[in-house]
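Asker: Output the structure for:
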Amino acid sequence: MPSLLNDHGSRVTLTYFFAFIAIGMCVGLLGPALPHLADMTGSGMAQIAILFTARALGTMLGSVLSGVLIDRFDGHRVLAAMLLLLTIGLAAVPFSQALAVLTAVMFLLGLAEVSVNAGANTLLLWTHGTASPPWISALHFCFGLGNMLVPLVLVAVLRLQFSFAWAFWLVALYVAALMIPLLRLASPRPPDITVGERAAPPPQDGWRLAIFLLMFGLYVGMEVTFAGWITAYGVLSGHAPGDAALLVTWFWLTLSAGRLLAIPLARLLSPWKVLRGCLGLGLFSALALHFLWLPLPLVALLFGLAASAIFPTLFGLSNQLMPISGRTTGWIFLACGLGGMALPSLTGPLLERAGITAFPLLLAALVGLLMLGLVVLRARVRHSTGR
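Answerer: Okay, here's the model as predicted:
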């Protein structure tokens, strides 16, 4: 990884890394806390699934607003404002004992999370310019690190016989502390781009874009479904709540490690081969869960490894195969939000009506659809380019 250009750039980059750990913790806390939130509000699995819908709706709105805010206002002030919203939302969750109030809080959290996510990505690009790819990879590793750590926070709180609310309050304190360095550091400015410095992008293909959007939506829906429901699945399968909560940690552990491993792997293999390998491992993991070939913790580890490189590889492939503008990125985030809203929200009613055996079958179906999308995309590229 290249060295930073100056000390200010170093402090800014480290601040974004810590911010992404916070975002990962916020996103990863919902799944392990879901049974506690259901008990707090007196809701069943089908009812509590509305939280995923509310969060995804907030994510979609935030993805639209964040780009406008970052372009028009000081970037660090925008991030600090969104971190303040995150702090308020996290602190309010344990007091939101009515499902309707909790749903509104989750909408707020989704809006703030994605705004910090998109804003930090953009500002990191402005900080490092053409040298940004390894820093972007490290940034998303920090996101996975936060996802991995937060179930441990919940487990520690429960084993100390405190209320689950303390997990939300501790994360809120960490998020609040990040506002101080952000407001002290000058925000990066967008670089000047000379037209001649970039090669002409490939022509836009509406069908190709549609396939990419569908695959992004399916992937995010699959990731959120697994991370959000694996704890509940473990509890319903007879595992102790503390052990079931750790399943999300195993998932995020290998997802984070896999994203680091994907950096050198992408230099040796084509994106098509990386995606085929990830999807093949994902299908095996889902079938192993259904047929009980492997222990549940090992399945969580394998599924996290399978999911690790899909999003960054798919995003890189889309950049190779079509022009990526701000508008295109907005469509991708919208597709991700729709997938993250629809699929996890359907899982709760599915588990209540069809039983827990439906969960691994749903995962296998999602992986299968991604495989089909990859085949169709490959055929479309060959048809368009003749190779």
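Asker: Residue 186: which element?
Answerer: For residue 186, there is no host helix or strand (DSSP states H and E).
Asker: what's the neighbour count on it?
Answerer: Close neighbours of residue 186, defined as other Cβ atoms under 10 Å, add up to 10. (Each C-beta comes from the backbone N, C-alpha and C, glycine too.)
Asker: tell me the phi and psi of it?
Answerer: Dihedral pair for residue 186: phi -70, psi 140, per degrees, to the nearest 10.
Asker: For residue 120, see how far away the closest residue to it other than its chain neighbours is.
Answerer: In space, and not counting its chain neighbours, residue 186 is closest to residue 8: 7.0 Å by Cβ to Cβ, 6 or more residues apart in numbering. Noted for residue 8: a distance of 16 Å to residue 120, by Cβ to Cβ, to the nearest Å.
Asker: Please apply the same query to residue 20.
Answerer: To residue 120, residue 20 is 6 Å away according to Cβ to Cβ.
Asker: Now do the shared contacts for these two.
Answerer: Any residue near both residue 20 and residue 120 by Cβ atoms under 8 Å, 6 or more residues apart in numbering counts here, and that gives residue 139.
Asker: Between the two, tell me which one has more neighbours.
Answerer: Of the pair residue 20 and residue 120, residue 120 is the one with more neighbours under other Cβ under 10 Å, namely 28 against 24.
Asker: Please, which helix or strand holds the more buried one?
Answerer: Assigned by DSSP H and E, residue 120 belongs to helix 99-128.
Asker: give the contact list for residue 69.
Answerer: 78, 115, 119.
Asker: and if you look at residue 140?
Answerer: Applying Cβ under 8 Å, 6+ apart, we find residue 140 in contact with 20, 259, 312.
Asker: Give me the angle between the helix or strand containing it and helix 99-128.
Answerer: Assigned by DSSP H and E, residue 140 belongs to helix 133-159. Following axes from the mean of the first three to the mean of the last three Cα atoms, to 10 degrees, one obtains 150 degrees for the angle between helix 133-159 and helix 99-128.
Asker: List the buried residues in helix 133-159.
Answerer: Buried positions in helix 133-159, judged by neighbour count with 16 or more other Cβ atoms under 10 Å: 135-151, 153-155, 157-158.
Asker: domain ranges for the chain?
Answerer: The record's domain split for the chain, according to automatic domain parsing, is 1-188, 204-387.
Asker: Same list (those) but as a markdown table, adding mean pLDDT.
Answerer: Converted to a markdown table, those look like this (pLDDT from 0 to 100):
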| stretch | mean pLDDT |
| --- | --- |
| domain 1-188 | 81 |
| domain 204-387 | 84 |
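Asker: doesn't residue 115 make contact with residue 66?
Answerer: Yes. With contact defined as Cβ atoms under 8 Å, residue 66 counts as touching residue 115 (4.1 Å).
Asker: The two - which one has more neighbours?
Answerer: It is residue 115, of residue 66 and residue 115, that has more neighbours when counted by other Cβ under 10 Å, with 29 against 26.
Asker: Could you measure from that one over to residue 60?
Answerer: 12 Å.
Asker: Could you give the separation of the helix holding residue 120 from the chain centroid?
Answerer: Mean C-alpha position of helix 99-128 versus that of the full chain (Cα atoms, centre = their mean, to the nearest Å) differs by 11 Å.
Asker: buried set for that helix?
Answerer: Using 16+ other Cβ under 10 Å as the test for burial, helix 99-128 gives 99, 102-128.
Asker: With stretch 225-245 instead?
Answerer: For stretch 225-245, a neighbour-count test (16+ other Cβ under 10 Å) marks 225-236, 239, 241, 244-245 as buried.
Asker: now, which of those residues sits nearest residue 178?
Answerer: Closest to residue 178 out of the buried residues of stretch 225-245 is residue 227 (22.8 Å), distances taken as Cβ to Cβ.
Asker: Packing partners of the helix or strand encompassing the closest one?
Answerer: Using DSSP H and E, residue 227 maps to helix 206-236. For helix 206-236, the contact count by 3 or more Cβ pairs under 8 Å, 6 or more residues apart in numbering; DSSP states H and E identifies helix 7-41, helix 50-72, helix 241-268, helix 296-308, helix 310-321, helix 326-354, helix 358-385 as packing neighbours.
Asker: Kindly calculate the angle that the last one makes with helix 296-308.
Answerer: An angle of 20 degrees separates the directions of helix 358-385 and helix 296-308 when computed by the same axes, to 10 degrees.
Asker: Quick check: residue 270 vs residue 375, distance?
Answerer: Counting by Cβ to Cβ - residue 270 and residue 375 are separated by 15 Å.
Asker: give me the number of residues near the closest residue to residue 258 other than its chain neighbours?
Answerer: Distances taken as Cβ to Cβ, 6+ apart place residue 308 nearest to residue 258, at 2.5 Å, with adjacent residues excluded. Neighbours of residue 308 under the rule other Cβ under 10 Å: 27.
Asker: What helix or strand is residue 293 located in?
Answerer: Per DSSP H and E, there is no helix or strand for residue 293.
Asker: residues contacting the residue nearest to it when sequence neighbours are not counted?
Answerer: Among residues not flanking residue 293 along the chain, residue 287 sits closest, at 7.3 Å (Cβ to Cβ, 6+ apart). Residue 287 is in contact with 293, 360, 364, counting by Cβ under 8 Å, 6+ apart.
Asker: Show the buried residues in the residues you listed.
Answerer: Taking 16+ other Cβ under 10 Å as the criterion, what is buried in these is 360, 364.
Asker: can you redo the contacts of residue 287 as a markdown table with distance to residue 182?
Answerer: Shown next, in a markdown table, are the contacts of residue 287 (distance: Cβ to Cβ, whole Å):
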| residue | distance to residue 182 |
| --- | --- |
| 293 | 47 |
| 360 | 42 |
| 364 | 42 |
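Asker: which among the contacts of residue 287 gets closest to residue 339?
Answerer: Ranked by distance to residue 339 (Cβ to Cβ), those are led by residue 364 at 16.8 Å.
Asker: Any chance you could give me stretch 335-355 in PDB, C-alpha atoms only?
Answerer: Below are the C-alpha coordinates for stretch 335-355, written out as PDB (Å, rounded to 0.1, in the frame of the first residue of the first chain):
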ATOM      1  CA  ALA A 335     -30.600  -1.300  -6.400                       C
ATOM      2  CA  CYS A 336     -28.600  -2.300  -3.300                       C
ATOM      3  CA  GLY A 337     -31.200  -0.600  -1.100                       C
ATOM      4  CA  LEU A 338     -34.100  -2.400  -2.700                       C
ATOM      5  CA  GLY A 339     -32.400  -5.700  -2.300                       C
ATOM      6  CA  GLY A 340     -31.500  -5.000   1.300                       C
ATOM      7  CA  MET A 341     -35.100  -4.000   1.900                       C
ATOM      8  CA  ALA A 342     -37.100  -6.700   0.100                       C
ATOM      9  CA  LEU A 343     -35.300  -9.900   0.800                       C
ATOM     10  CA  PRO A 344     -34.600  -9.700   4.500                       C
ATOM     11  CA  SER A 345     -38.200  -8.400   5.000                       C
ATOM     12  CA  LEU A 346     -39.600 -11.600   3.400                       C
ATOM     13  CA  THR A 347     -37.400 -13.900   5.500                       C
ATOM     14  CA  GLY A 348     -39.400 -13.400   8.700                       C
ATOM     15  CA  PRO A 349     -42.800 -14.400   7.300                       C
ATOM     16  CA  LEU A 350     -41.100 -17.200   5.400                       C
ATOM     17  CA  LEU A 351     -39.600 -18.600   8.600                       C
ATOM     18  CA  GLU A 352     -42.900 -18.400  10.400                       C
ATOM     19  CA  ARG A 353     -44.900 -20.100   7.600                       C
ATOM     20  CA  ALA A 354     -42.400 -22.600   6.200                       C
ATOM     21  CA  GLY A 355     -40.200 -23.200   9.200                       C
END
